[in-house]
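**Student:** Turn this into a structure:
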Amino acid sequence: MARGIRASSERRGKRLTRRRFLQGAAVGGAGMWAAAVLPRRAFMHDPHRPPQLYEYFLDNFWFESAGLYAEPINPPLKGRQFADVAILGGGFTGMSAAYNLQRRLPGKRILLLEGACCGYGASGRNGGFADVGMPGLEFVYQSQGPEAARAYYDATALGMEQIQTFVGTHGVDCDFEMNGAIMLATEERHLEELAETKQRFDSMGIEAALLDRAAIRERIRSERFVGGLRNPGHAILNPAKLARGMKRVIESMGVAVSERSKVMRVEPGRPLRIVTEFAEIRADRAVIALNGYAPQLGFFRNRLIPLCNYVAATEPLTPAQLASIGWAGREGLSDQRVQFMYLRLTADNRIVFGGESAPYFYESSPSSGNYQPSLDKLHRSLLTSFPQLEGVRFTHGWGGTMGFTRDFVPSVGVLGDAGNLFYAVAFNGEGVVMTQLAGRILSELIAGDETGLTRLALVNKTMPYVGHEPLRYAAIKLFERALHSFSSNPLH
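**Tutor:** Numbering: from 1, shown residues only. Next comes the predicted model:
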């Protein structure tokens, strides 16, 4: 769950909701005026912006616990090469596509290109939530009704099934725990939202249970939360362990994986020409599996909003600290605020927590470092939730780039007249499960199969327009300020 902003119901009139936040960012007339009037350099300067470094290792607990620091990184691809299918991006999407393609098209040369190391991007930096039905479930429900939403939910459940089958079949230890998840209310009005969500789940035949103040206090010992909604069909895991395990498995199957192979450009045609720092690849077909990094190659620049997410970890909690906060069910937790916090326990009883903000950097720049304002806000928020943990040491803090759309729905499909450039993007901060499904859909599209998955509404779905720079940046920043002014539960 590499996330920090999420859609919610729009029935509440003028209240700023999560979807309105991005819709407003796209249209923002006031932002257009500001971009035209204010001095460009001064307006867009952020002294806390992470440096654009080309590095492999962050202060990332997942990377450390997966042993990535000591693991050899594959050498970059060099010279002239050929591939039946070239996959750009070594995250969950790209590796799921490679895994499914290798099984579906044995004998084909599948080449995966990763600019740093597999799992380096959002796949290895998220909060480690594996949620079914996300992202875009609410949009599908509102636009197409409960039956279509249930079909979408069931399709995403295949992504969870793929994770469970994969780790069981191939012996990948990624600390997978099917503990369920709880959406938490921090205000009384959030209880109404959760009740509406429960009604939608009921109409779709999805199990969920409302928890009142007393019930939530039995589970989570925090005065901050006044209720919740528990869904048993969610899990937590160590995303870096899953990513590195996927790399080992696809290599054992015959997929050629080149790390440290940064793609510089993709030239359309038959075959496609892909240029990296040290190599040139001719490919019959290619897959863009870059999510929030796709605009760096010129793809979806005016359709995708790369927002950045920041995550932190505490030291392992003592038995006394664990007893003081309850949480015996070890569920994944998130609250109902527009810019919310999510948190979960790790295998060694740390709290990994993220969210609270989702900054956008000018020209869709990826985040390769830490953003101290977000980390400071996270630290305050955790202690607001659990003041009994005052004095706990924060040991890690890291960040990553996500890909968002205005309607919070992903898109998987085919680009261009030649019909040989495939893509899967816009997981909207909820991609751990959805990326697994996307890889499977990509394999079926590339193989030319027509199935129930290739007929899903997200296949070849047009992503809404989000505007050009500098207008997009100005609008998003103005709406971030509006978000703070609208918030009825600010952190101090």
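
**Student:** quick one: average pLDDT of the top helix by length along the chain?
**Tutor:** Looking across the chain with DSSP state H, the single longest helix is helix 146-170. Averaged across helix 146-170, pLDDT comes to 94.

**Student:** Next SSE downstream of it?
**Tutor:** strand 181-185 (DSSP states H and E).

**Student:** quick one: low-confidence parts of this protein?
**Tutor:** Along the chain, the parts satisfying pLDDT under 70 run over 1-45, 51-57, 134, 368, 483-492.

**Student:** Let's verify the residue nearest to the spatial centre of the chain: helix, strand, or coil?
**Tutor:** Centroid-nearest residue in the chain, with Cα atoms, centre = their mean: Gly429, separated by 3.0 Å. Under the three-state scheme (DSSP: H, G, I helix; E, B strand; the rest coil), Gly429 adopts coil.

**Student:** circling back: can you list the buried residues in the longest helix of the chain?
**Tutor:** Buried residues in helix 146-170, defined by neighbour count with 16 or more other Cβ atoms under 10 Å: 146, 149-150, 152-153, 155-156, 158-160, 162-163, 166-167. (C-beta placed from N, C-alpha, C; glycine too.)

**Student:** for stretch 124-143, same thing?
**Tutor:** Buried residues in stretch 124-143, counted by 16+ other Cβ under 10 Å: 124-141.

**Student:** Could you work out the end-to-end span of it for me?
**Tutor:** This stretch, stretch 124-143, spans 33 Å end to end (Cα to Cα, to the nearest Å).

**Student:** The closest residue to Ala148 other than its chain neighbours in helix, strand or coil?
**Tutor:** Using Cβ to Cβ, 6 or more residues apart in numbering and skipping the chain neighbours, the partner closest in space to Ala148 is Val140 (5.8 Å). Per three-state DSSP, the local secondary structure of Val140 is helix.

**Student:** Spit out the contact partners of Val140.
**Tutor:** With contact taken as Cβ atoms under 8 Å, 6 or more residues apart in numbering, Val140 is in contact with 148-149, 152, 409, 457.

**Student:** Mind picking the one among these that's closest to Arg440?
**Tutor:** Among the contacts of Val140, Tyr152 lies closest to Arg440 (Cβ to Cβ), at 14.7 Å.

**Student:** In helices, which of the buried residues of stretch 124-143 appear?
**Tutor:** 124-125, 137-141.

**Student:** Glu192: neighbour count?
**Tutor:** Around Glu192 there are 14 other residues, counting by other Cβ atoms under 10 Å.

**Student:** how about it, phi and psi?
**Tutor:** phi -70, psi -40 (degrees, to the nearest 10).

**Student:** before we move on, the earlier item: would you mind putting the buried residues of helix 146-170 into a markdown table with distance to Ala235 alongside?
**Tutor:** Formatted as a markdown table, those follow (distance: Cβ to Cβ, whole Å):
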| residue | distance to Ala235 |
| --- | --- |
| Pro146 | 24 |
| Ala149 | 21 |
| Arg150 | 20 |
| Tyr152 | 19 |
| Tyr153 | 15 |
| Ala155 | 17 |
| Thr156 | 13 |
| Leu158 | 14 |
| Gly159 | 11 |
| Met160 | 7 |
| Gln162 | 13 |
| Ile163 | 8 |
| Phe166 | 13 |
| Val167 | 11 |
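
**Student:** Just the closest of those residues to Thr276, please.
**Tutor:** Closest approach to Thr276 among the buried residues of helix 146-170 (Cβ to Cβ): Phe166, at 28.1 Å.

**Student:** Distance of the nearest residue to the closest one once chain neighbours are set aside relative to Val132?
**Tutor:** Nearest residue to Phe166, sequence neighbours excluded (Cβ to Cβ, 6+ apart): Val172, at 6.5 Å. Going from Val172 to Val132 by Cβ to Cβ, to the nearest Å gives 19 Å.

**Student:** just to revisit the earlier point, surely the residue nearest to the centre of the chain and Phe129 touch.
**Tutor:** No. Contact between Gly429 and Phe129 fails when scored by Cβ atoms under 8 Å: they sit 9.7 Å apart.

**Student:** list the helices and strands the longest helix of the chain packs on?
**Tutor:** helix 137-144, helix 188-204, helix 239-253, helix 431-447 (3 or more Cβ pairs under 8 Å, 6 or more residues apart in numbering; DSSP states H and E).

**Student:** Tell me which of those sits most buried.
**Tutor:** Stretch with highest mean neighbour count among the helices and strands packed on helix 146-170: helix 431-447 (a mean of 26; mean count of other Cβ atoms under 10 Å).

**Student:** Run the angle between that helix and helix 239-253 for me.
**Tutor:** Orientation check (axes from the mean of the first three to the mean of the last three Cα atoms, to 10 degrees): helix 431-447 against helix 239-253 gives 30 degrees.

**Student:** mind exporting the helix or strand just after helix 431-447 as CSV, just the C-alpha atoms?
**Tutor:** Counting by DSSP H and E, the next helix or strand C-terminal to helix 431-447 is helix 471-486. Taking Å, rounded to 0.1, in the frame of the first residue of the first chain, the C-alpha atoms of helix 471-486 are listed here in CSV:
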residue,chain,number,x,y,z
LEU,A,471,-0.2,24.7,-14.9
ARG,A,472,-0.6,21.2,-13.4
TYR,A,473,2.1,21.9,-10.7
ALA,A,474,0.4,25.2,-9.8
ALA,A,475,-3.0,23.7,-9.6
ILE,A,476,-1.9,20.8,-7.4
LYS,A,477,0.0,23.0,-5.0
LEU,A,478,-3.0,25.3,-4.6
PHE,A,479,-5.3,22.4,-4.0
GLU,A,480,-2.8,21.0,-1.4
ARG,A,481,-3.2,24.3,0.4
ALA,A,482,-7.0,24.1,0.0
LEU,A,483,-6.9,20.6,1.5
HIS,A,484,-5.2,21.9,4.6
SER,A,485,-7.7,24.7,5.0
PHE,A,486,-10.7,22.3,4.5
